[in-house]
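1. sequence unknown, structure follows:
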């Protein structure tokens with residue numbers, strides 16, 4: 001017996017922060033499963049490169065630049081989606097900011113504001129705009145990329161950890177208030193993953209080795225190892241999964 005629980009054919013998917021790392025891996029996997037993917041990030045060049053590569057591999061994708069820390073950019077993105085597609089089935093909020101790596105007492109206002117604007121305000125209004133489109137069609141799936149830092153604050157990552165904890169509760173708020181509209185909202189909590197975004201952790205050997213020692217699998221993850229959980233959360237396989245925060249960390253938080 002075959003199953004099509006993970007088939008996304010005909011669905012429109014938006015993935016932010018998709019020009020590299022976890023977001024790129026998610027965009028590629030959703031396209032492989034048949035979705036038309038809107039590849040979004042701050043810079044158009046990176047988005048275009050990923051979208052073109054997906055299309056060259058037989059998938060369907062387009063690029064649209066959007067800085068989720070900019071309310072005007074979010075509005076422009078959703079005006080485009082509404083005009084070009086008239087619907088949105090999947091929204092993966094993955095674009096994030098972590099401009100400061102250091103002791104919490106030395107956090108400056110600019111770093112604080114940027115992290116909050118992108119990771120909290122950006123995710124919130126991306127979800128609001130996606131939810132409005134999904135409400136019109138009576139269905140949809142939102143996935144927020146949070147972090148294990150939401151559960152256990154990362155060293156020298158104070159404000160980032162705080163915003164990711166907010167994303168976890170935000171996910172539950174949308175799940176509770178939008179579930180009756182046919183909209184599911186869940187979160188992915190990645191552990192230590194080899195990305196440019198996490199470069200500060202990988203460049204500090206002492207912190208990296210300390211983290212690896214705490215992971216039962218004794219290694220970091222690759223971005224592709226995060227994408228499968230997102231595919232589950234946006235597909236029919238998770239049709240009764242709502243408000244969940246799936247931890248993918250090799251056992252770090254056990």
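-> Cool, the structure landed. Keep in mind it's a predicted model, so treat the numbers as computed, not measured. Residues are numbered from 1 along each chain as shown.

2. Assess the claim that residue 160 and residue 149 are in contact.
-> Yes. Look at residue 160 against residue 149 with C-beta atoms under 8 Å: they come within range, at 6.4 Å. C-beta: built from backbone N, CA, C; applies to glycine.

3. Among those two, which residue is more densely surrounded?
-> Taking neighbours as other C-beta atoms under 10 Å, residue 160 and residue 149 compare with residue 160 leading, 24 against 21.

4. mind listing the helices for this structure?
-> Here the chain has its helices, by DSSP state H, at 21-32, 44-56, 71-84, 109-116, 123-137, 158-178, 199-203, 205-214, 224-234.

5. Out of those helices, which one sits most buried?
-> Ranked by mean neighbour count, those are led by helix 21-32 with a mean of 26 (mean count of other C-beta atoms under 10 Å).

6. quick one, that one and helix 44-56 angle?
-> Computed by axes from the mean of the first three to the mean of the last three C-alpha atoms, to 10 degrees, the angle separating helix 21-32 from helix 44-56 equals 30 degrees.

7. Helix 21-32 - contacts with which helices or strands?
-> Secondary-structure packing of helix 21-32 (3 or more C-beta pairs under 8 Å, 6 or more residues apart in numbering; DSSP states H and E): strand 12-15, strand 36-41, helix 44-56, strand 60-65, strand 90-93, helix 224-234.

8. So which of the ones you listed is nearest residue 193?
-> Of all the helices and strands packed on helix 21-32, the one in closest proximity to residue 193, counting by C-beta to C-beta, is helix 224-234 (6.3 Å).

9. now the helices and strands packed on helix 21-32 in CSV, with distance to residue 27 and mean pLDDT?
-> Converted to CSV, these look like this (distance: least, C-beta to C-beta, whole Å; pLDDT from 0 to 100):
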stretch, distance to residue 27, mean pLDDT
strand 12-15, 4, 98
strand 36-41, 5, 98
helix 44-56, 6, 98
strand 60-65, 7, 98
strand 90-93, 8, 98
helix 224-234, 9, 97
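
10. TSV for the ones you listed, including distance to residue 119?
-> What follows is those, written out as TSV (distance: least, C-beta to C-beta, whole Å):
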stretch	distance to residue 119
strand 12-15	16
strand 36-41	15
helix 44-56	20
strand 60-65	19
strand 90-93	9
helix 224-234	17
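
11. Which stretch among these approaches residue 24 most closely?
-> The closest of the helices and strands packed on helix 21-32 to residue 24 is helix 44-56. By C-beta to C-beta, the value is 5.4 Å.

12. Out of the helices and strands in the chain, which is least certain?
-> Lowest by mean pLDDT, DSSP states H and E among the helices and strands of the chain is helix 199-203, with a mean of 69.

13. okay, which residue is most central for the chain?
-> With distances taken as C-alpha atoms, centre = their mean, residue 94 lies nearest the centre of the chain, 2.3 Å away.

14. On the pLDDT front, check that residue for me.
-> pLDDT for residue 94: 97.

15. Is it in contact with residue 14, as I believe?
-> No. Using C-beta under 8 Å, residue 94 is not in contact with residue 14; the gap is 9.9 Å.

16. gap between the residue nearest to residue 160 when sequence neighbours are not counted and residue 25?
-> Excluding the flanking residues, the one nearest residue 160 by C-beta to C-beta, 6 or more residues apart in numbering is residue 98, at 4.5 Å. Going from residue 98 to residue 25 by C-beta to C-beta, to the nearest Å gives 18 Å.
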